[in-house]
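Asks: can you look at this prediction? I've put the sequence above it.
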Amino acid sequence: MATKKNFLVTPGEPVGVIAAQSIGEPGTQMVLRSFHYAGVASSIATSGLPRLVEIVDTRKKPATPFSYVYLKGKAAKDFDAAEQIVKKISEVRVNDVIKRILENFSKGTIMIRLDEQKLEANELTAKGIASKIEKLIKAECTAQGNSLLIKTHTKAAKQTRAMAVQIGKLTVNGIENAGRAVIKQDKKTEEFYLVTNNSNIGAIMQVDGVDTSRIYTNDIFEMYRIFGIEAARNTIAKELNIVLREQGINVDERHLYILADAMSASGSIKNVGRRGLSGEKESIFARAAYEETIKHLINAAAFGERDDMKGVTENVLVGKQIGLGTGTVTLAIKKEDISKISEKKGKK
C-alpha cells in the first residue's frame with residue numbers, strides 16, 4: 001500500500017522527464033499482440049502498444065470497450081438472480097435472432113425469418129419484435145408465425161436495402177450499446193459480477209441490483225461523462241497500469257499518475273500530441289520542438305510572443321542549463337569573502 005512517504009521526491013528532481021522515460025522506454029518493447037476475453041463471444045481485447053496509443057491519444061471510443069458491472073444484494077451471491085440481471089442488460093438486436101432475410105425489390109417488401117431457438121433463448125416473440133420495429137422506425141410490420149413482413153412503401157432497391165440494414169441493427173431487448181453480458185465470479189470473494197463487450201454504463205446503472213458505486217468501463221470518455229474528471233484521471237492511470245502489467249512491465253504508479261494528471265488538469269481530457277499538451281505549452285520553443293516547427297516560430301514572430309525559458313525542453317533546445325537537479329542551485333559569494341580570498345592569494 002502506497003504511503004505518503006513513498007511519494008516524496010528530492011527537491012529539483014525532474015519528475016516529468018523521469019515519468020516520460022519510465023513509460024516511453026518500456027513502451028517501445030511492447031509486442032503487438034491481443035487476447036480473447038474469456039466468456040465474451042467474439043471479443044478480442046486490444047492490448048500492448050495499440051491500447052497504449054489509444055489511451056495517450058485519447059481516442060473517443062476504444063476499439064474494444066468493456067464494462068465491469070458489480071452486483072449488490074441477493075444477485076451478488078445468487079447465480080439465478082444474476083442471470084435475471086444479465087437478461088435485462090444484454091443487448092439483443094434483430095440480427096441476433098434472424099435465420100434468413102429476403103428482400104423483394106419489385107414489391108418493396110422485406111421478409112425476415114426468425115430463429116425459433118434464438119427467440120426462446122432470449123425470451124422473445126415475433127409479435128413483440130414486430131411491435132418494436134414499428135415503434136422504432138415507424139414501418140408497417142406484421143408477424144406471420146416466426147416470420148416478419150415489412151412493407152417499405154417504395155420499389156427503389158437502394159432504399160429497401162437501407163431499411164433492411166437499419167432493421168437488423170435495431171435493439172429489441174436489453175440495453176442499447178451495452179453489448180452481450182456474461183456472468184463471472186470473483187475467486188476471492190465468490191461474488192458474481194458481469195462483463196459486457198460494449199459500454200453504456202449510464203443506462204446500466206438504472207437497472208435494479210447493479211452496484212453503482214463499483215461499476216467500471218475502460219472507456220475513459222464515458223467515465224468522464226458519467227462520473228467527472230477525477231474518475232477519468234483515475235481511469236487513465238488504471239488503464240495504463242493494466243496495459244503495462246499485461247506485458248510484464250512494472251512501472252512505478254507515480255509516473256502514471258503524473259501523466260494522468262497532466263492529461264486531465266485542465267478539467268477536460270487532452271491527448272499528449274500537437275493538438276493537446278504539447279501543442280498548448282506556454283513555451284514557443286517547446287511547442288516548436290515537438291511538431292509543426294515552422295508554424296509555431298512564424299506565429300510567435302508575427303504576434304511578438306516572448307519565451308521565458310523556464311521549462312526543460314526549451315533550455316535543452318538552445319543549450320542552456322535546465323532549472324532542475326543541480327540547475328536549481330545558484331552559487332553566490334559575499335563581497336567581503338572575495339576580498340579575503342584576494343588577500344590570501346596576495347600573501348602567497
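Replies: Cool, the structure landed.
Asks: ok, the nearest residue to Ser268 once chain neighbours are set aside - how many residues close by?
Replies: Take Ser268 and drop its neighbours on the chain: the residue closest to it by C-beta to C-beta, 6 or more residues apart in numbering is Ile229, 7.1 Å away. Any C-beta I mention is one placed from the backbone N, CA and C, and that applies to glycine too. Using other C-beta atoms under 10 Å, Ile229 has 15 other residues around it.
Asks: I'd guessed Ile229 sits against Met263; true?
Replies: No: with contacts defined as C-beta atoms under 8 Å, Ile229 does not count as touching Met263, sitting 10.1 Å away.
Asks: and the helices in the stretch 101-250 of the chain, which stretches?
Replies: Along the stretch 101-250 of the chain, the segments classed as helices by DSSP state H, counting those that start in this stretch run 116-121, 126-137, 157-168, 201-204, 220-227, 229-246.
Asks: thinking again about what came up before, find the residues that touch each one of Ile229 and Met263.
Replies: Ile269 (C-beta atoms under 8 Å, 6 or more residues apart in numbering).
Asks: low-confidence ranges, the chain, go.
Replies: Where the chain drops to pLDDT under 70, the residues are 1-7, 31-45, 346-348.
Asks: domain map for it?
Replies: For the chain, the structural domains run 17-63+220-264, 67-90+178-204, 92-173, 282-328, going by automatic domain parsing.
Asks: gap between the two ends of the shortest one?
Replies: Looking back up the chat, that one is domain 282-328. Counting by C-alpha to C-alpha, to the nearest Å, you get 20 Å between the two ends of domain 282-328.
Asks: adding distance to Ala76, write the helices of the stretch 101-250 of the chain out as CSV.
Replies: As requested, the helices of the stretch 101-250 of the chain are arranged in CSV below (distance: least, C-beta to C-beta, whole Å):
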stretch, distance to Ala76
helix 116-121, 25
helix 126-137, 30
helix 157-168, 36
helix 201-204, 16
helix 220-227, 22
helix 229-246, 22
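Asks: nearest to Phe79, of these?
Replies: helix 116-121 (17.2 Å; C-beta to C-beta).
Asks: could you dump the closest one to PDB, C-alpha only?
Replies: C-alpha atoms of helix 116-121 as PDB (Å, rounded to 0.1, in the frame of the first residue of the first chain):
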ATOM      1  CA  GLU A 116     -37.000 -20.200 -33.100                       C
ATOM      2  CA  GLN A 117     -34.300 -21.400 -30.800                       C
ATOM      3  CA  LYS A 118     -32.700 -17.900 -30.500                       C
ATOM      4  CA  LEU A 119     -36.200 -16.400 -29.800                       C
ATOM      5  CA  GLU A 120     -36.700 -18.900 -26.900                       C
ATOM      6  CA  ALA A 121     -33.100 -18.300 -25.600                       C
END
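Asks: of the helices of the stretch 101-250 of the chain, which is nearest Gly24?
Replies: Here helix 229-246 is closest among the helices of the stretch 101-250 of the chain (C-beta to C-beta), at 11.5 Å.
Asks: please list the residues outside the helix or strand just after the closest one that contact it.
Replies: Next helix or strand after helix 229-246 toward the C-terminus (DSSP states H and E): helix 253-264. Here helix 253-264 makes contact (C-beta under 8 Å, 6+ apart) with 2, 6-7, 15-16, 18-20, 22-23, 56, 58, 229-230, 232-234, 236-237, 240-241, 269-272, 276-277.
Asks: same check, this time on stretch 67-77
Replies: Applying C-beta under 8 Å, 6+ apart, the contact partners of stretch 67-77 are 81-82, 84-85, 89, 178-179, 181, 190-196, 198-201, 204, 209-211, 214-217.
Asks: how about it: buried residues?
Replies: Applying a neighbour-count criterion of 16 or more other C-beta atoms under 10 Å, the buried positions in stretch 67-77 are 67, 69-71, 75-76.
Asks: off-centre distance for it?
Replies: How far stretch 67-77 lies from its chain's middle: 23 Å, per C-alpha atoms, centre = their mean, to the nearest Å.
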